[in-house]
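Participant: structural data only, the sequence is not supplied:
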């Protein structure tokens, strides 16, 4: 009788709470594709918001986004290497990585906006003043390296040559690339189009590489880098280059249809003009798109190599379905390098307003 009573007794309150009610609809967990879509939409919305602030208010707003990338990205690197570094080394790497980015932003604003250093609009020798932002940034960067090396003297029992190497990696990646991204944002000419190339080409290359690899990978299975990322194929890489070309076309119309139409006359003060498309630049933009796509895919492989060496799948979990912030901007880091180089060379050769 006692056994029967025990089997028929109602569940305890805590047990009833864990037991799903009969007929209640069960929520299905979101698939990885859905998570990637939702987090991707949020990421794109953030990018568009900061880019709009850059266009219509001031370039400093996009600097804030880059600085946020530096904070989150460096934190992810420090966390990934935490077992190979002493606590003091983690603090030094994080501190100087942010200082390098902040120094370039602050120094460039000081020399251009406050002291009035001007670009040579009339000719190559028509500049006024000199911008020492790169000099100041280089000094801070080397100071960070000096401190990292100096810890071998001040804390010889706590650090090793291996930990110094890991500290240098976390110090320079992604901060050095983000300084270059800041350079793109601070270009006297072509700043808007440079940022467009950095953040538009990479997703186009990723999407087309994925589609080509998924649909044609079995017919053309040659791997791009089998020891680094076994799933990436050469045919997928070619698809990424096609995506870069299409992205270059998109950048062309965004730049001449929007960016060139807005002229800032003060803080949050601007004027509009009718779009004028310079079609002689069309092939130039497509070519930059292809080159940027190639560097973007290489940047993705570099981070894949990092993760494989460390033994982790993702650098973080900030963006569900994507991973950490570095998993999202790894392509853009290398893209910023080639984009900055191309437009600096064009400025040096032309010395005319874009």
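Facilitator: Done, it's in. Keep in mind the model is a prediction, meaning the values are calculated, not measured.

Participant: ramachandran angles for residue 225?
Facilitator: phi -150, psi 80 (degrees, to the nearest 10).

Participant: tell me the contacts of it?
Facilitator: 232, 301, 304 (Cβ atoms under 8 Å, 6 or more residues apart in numbering). Every residue, glycine included, has its C-beta placed from N, CA and C.

Participant: any idea how many residues pack against the second one?
Facilitator: The local packing of residue 301 (other Cβ atoms under 10 Å) involves 18 other residues.

Participant: again with residue 45
Facilitator: Neighbours of residue 45 using other Cβ under 10 Å come to 10.

Participant: ok, so what distance separates it from residue 52?
Facilitator: Going from residue 45 to residue 52 by Cβ to Cβ, to the nearest Å gives 11 Å.

Participant: please apply the same query to residue 202.
Facilitator: Noted for residue 202: a distance of 19 Å to residue 52, by Cβ to Cβ.

Participant: which of those two has more neighbours?
Facilitator: Of the pair residue 202 and residue 52, residue 202 is the one with more neighbours under other Cβ under 10 Å, namely 30 against 13.

Participant: I'd guessed the more buried one sits against residue 331; true?
Facilitator: Yes. Using Cβ atoms under 8 Å, residue 202 is in contact with residue 331, at 3.9 Å.

Participant: which residues do those two both contact?
Facilitator: Contacts common to residue 202 and residue 331, judged by Cβ under 8 Å, 6+ apart, are residue 296.

Participant: specify which member of the contacts of residue 225 is nearest to residue 152.
Facilitator: Residue 152 lies nearest to residue 304 out of the contacts of residue 225, by Cβ to Cβ, at 30.9 Å.

Participant: that's a strand at that closest one, yeah?
Facilitator: No. Read with DSSP: H, G, I helix; E, B strand; the rest coil, residue 304 is helix and lies in no strand.

Participant: can you give me the neighbour number for it?
Facilitator: 18.

Participant: quick one: the spatially closest residue to residue 132 that is not a sequence neighbour and residue 243, what's the gap?
Facilitator: Spatially, and ignoring its direct neighbours in sequence, residue 132 is nearest to residue 111 (6.1 Å; Cβ to Cβ, 6 or more residues apart in numbering). Look at residue 111 and residue 243: by Cβ to Cβ, they are 38 Å apart.

Participant: SS state for residue 264?
Facilitator: Classified using three-state DSSP, residue 264 is strand.
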